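S.K.: generate a structure from the sequence data that follows.
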Amino acid sequence: MGCLPKKIRLCRKKTSKKERRVIVDPTPVNVNPIINVDPTPVNVNPIINVDPTPINVNPIINVDPTPINVNPIINVDPTLTIGPFQRVCNSTVSTTATFVNTDPITIPVQGIADPYPSTIAVTGMTGTIAKVTVTLFNMNHPNPEDLDILLVGSNGITNTILMSDAGGSLDLVNVTLTFDDDAANFLPQLGQIVSGTFKPTNYQGIVENLPAPAPASSVFVRLFNFIGMTPNGAWDLYVFDDDVPGSGNIAGGWSLTITTDNEVCTFTPL
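M.R.: Residues are numbered from 1 along each chain as shown. This next block holds a predicted model:
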């Protein structure tokens, strides 16, 4: 090319400028690139599977089909007067029942019998006690004066001595004794005891306390002690031999006969 020296210099400068171009990576860079995520779509409002069984908003509630009275009938003690009624009691109905324990009672040479106590369970009676009698079946002992026999009522406290220090040293052989406050006689102190009905008897002249668990003996030797009590419960018979020699038994066990009174009342409106 025909170029003046000055122009040549200018041309070199221009050429030098063109050679300063910056070469970058020809791969394009996206300003808003596509980001690959899990291709599985996520539901904004997904379907939730629940128990398909419908639930009642107002379900049926099964209750006891027996009706409940809003104003129920209340059973009260008929001995109470509840206005506006007047209670009038005109008569008393008596009920008598006998309860038996046939297990034999073994009496040692000296000490407590086996079992100690012997027990009778009284159940099913109503009213309060009006009378009590006791029978001991087939008693055997060479020295009956050694025997102390105590009856304890259903409350575990009220009691009476049935016999103590009676009969001397004359053998009892298969003797059956019934104790009744209404009997004509006491047991003999020194004479022969024979089968029959007698009043509770204690010739010691003092309170005759038997070994525990027997309660302290009543100072009153009588079956009247039990009048007015509730009959139901465990009645105990304690037998104790307080001296030697001789052992024995009550071979046929014992029975308890109880009479209760139930007052009959009417309620008349005032």
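
S.K.: strands along this structure, start to end?
M.R.: Chain-ordered strands for the chain, with DSSP state E as the definition, fall at 85-101, 105-107, 111-112, 118-122, 128-141, 147-152, 159-164, 172-179, 196-198, 201-202, 233-241, 248-250, 254-269.

S.K.: what residues are up against Pro200?
M.R.: 160-163, 179, 181, 221-223 (CB atoms under 8 Å, 6 or more residues apart in numbering). For glycine as for every other residue, the C-beta is placed from the backbone atoms N, C-alpha and C.

S.K.: and which of the residues you listed is nearest Leu190?
M.R.: Using CB to CB, the shortest approach to Leu190 within the contacts of Pro200 belongs to Met163, at 13.7 Å.

S.K.: tell me how many other residues crowd the closest one.
M.R.: When neighbours are defined as other CB atoms under 10 Å, Met163 has 28 of them.

S.K.: same deal with Ala130?
M.R.: Close neighbours of Ala130, defined as other CB under 10 Å, add up to 18.

S.K.: kindly report the same for the one 3 residues further on.
M.R.: The criterion is other CB under 10 Å. On that basis, Thr133 has 19 neighbouring residues.

S.K.: which of the contacts of Pro200 are buried?
M.R.: Neighbour counting by 16 or more other CB atoms under 10 Å classes 160-163, 179, 181, 221, 223 among these as buried.

S.K.: dump those to TSV, plus pLDDT.
M.R.: Written out in TSV, the entries for the buried ones among the contacts of Pro200 read as follows (pLDDT from 0 to 100):
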residue	pLDDT
Thr160	98
Ile161	98
Leu162	98
Met163	97
Phe179	98
Asp181	98
Val221	97
Leu223	98
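
S.K.: who's in contact with the nearest residue in space to Thr95 that is not next to it in sequence?
M.R.: For Thr95, ignoring the flanking residues on the chain, the nearest one in space by CB to CB, 6 or more residues apart in numbering is Thr260 at 5.3 Å. Under the criterion of CB under 8 Å, 6+ apart, the neighbours of Thr260 are 94-96, 125-130, 231.

S.K.: what's the distance between Thr260 and Asn101?
M.R.: Computed with CB to CB, to the nearest Å, the distance linking Thr260 and Asn101 is 20 Å.

S.K.: do the same with Ile193
M.R.: 22 Å.

S.K.: looking at these two, which is more packed in?
M.R.: Taking Ile193 and Asn101 together and counting by other CB under 10 Å, Ile193 has the greater number of neighbours (22 against 19).

S.K.: I figured the more buried one hits Val173, correct?
M.R.: No. Here Ile193 does not reach Val173: they are 10.0 Å apart, not a contact under CB atoms under 8 Å.

S.K.: widest-spaced pair of the contacts of Thr260?
M.R.: Thr96 and Thr128 (13.5 Å).

S.K.: which residue sits closest to Val173 in space, ignoring its chain neighbours?
M.R.: The spatial neighbour of Val173 that comes closest, neighbours along the chain excluded (CB to CB, 6+ apart), is Asn140 at 5.9 Å.
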